[in-house]
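Asker: no sequence on this one, just coordinates:
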């Protein structure tokens with residue numbers, strides 16, 4: 001059985017926490033920031049846990065993470 005390939009783009013975006021959950025940064029903080037409120041931009045700085053529904057897909061593309 002050959003080794004499974006990791007999606008390198010996903011490996012750059014996700015990290016595994018100590019409990020095994022996947023941590024990611026929130027989207028929407030790159031451009032067009034003038035119309036977004038300060039509170040929204042502040043909340044976009046924080047990391048969050050990946051959705052439970054997409055965990056199965058993440059395990060397929062990140063087999064060794």
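Answerer: Cool, got the structure. Everything quoted here is computed from the prediction, not taken from an experiment.
Asker: Distance check, residue 3 against residue 59.
Answerer: Applying Cβ to Cβ, to the nearest Å, the value for residue 3 to residue 59 is 16 Å. Heads up, the C-betas are built off the backbone N, CA and C, glycines and all.
Asker: Pick out whichever of the two has more residues nearby.
Answerer: residue 59 (11 against 7; other Cβ atoms under 10 Å).
Asker: looking at this protein, which helix or strand is least sure?
Answerer: None of the helices or strands of the chain scores lower by mean pLDDT, DSSP states H and E than helix 55-61, at a mean of 92.
Asker: gap between it and the chain center?
Answerer: 12 Å (Cα atoms, centre = their mean, to the nearest Å).
Asker: Show me which residues of it are buried.
Answerer: Of all the residues in helix 55-61, those buried under the rule 16 or more other Cβ atoms under 10 Å are 58, 61.
Asker: Report all helices and strands that that helix contacts.
Answerer: Helix 55-61 sits against no helix or strand, with contacts defined as 3 or more Cβ pairs under 8 Å, 6 or more residues apart in numbering; DSSP states H and E.
Asker: what's the closest non-adjacent residue to residue 26?
Answerer: With sequence-adjacent residues excluded and distances taken as Cβ to Cβ, 6 or more residues apart in numbering, residue 26 is closest to residue 44, at 4.8 Å.
Asker: Over to that neighbour: give its phi and psi.
Answerer: The phi/psi pair for residue 44 (degrees, to the nearest 10) reads phi -70, psi -10.
Asker: returning to what we had before: which outside residues touch the least confident helix or strand of the chain?
Answerer: 6-7, 10, 14, 22, 50 (Cβ atoms under 8 Å, 6 or more residues apart in numbering).
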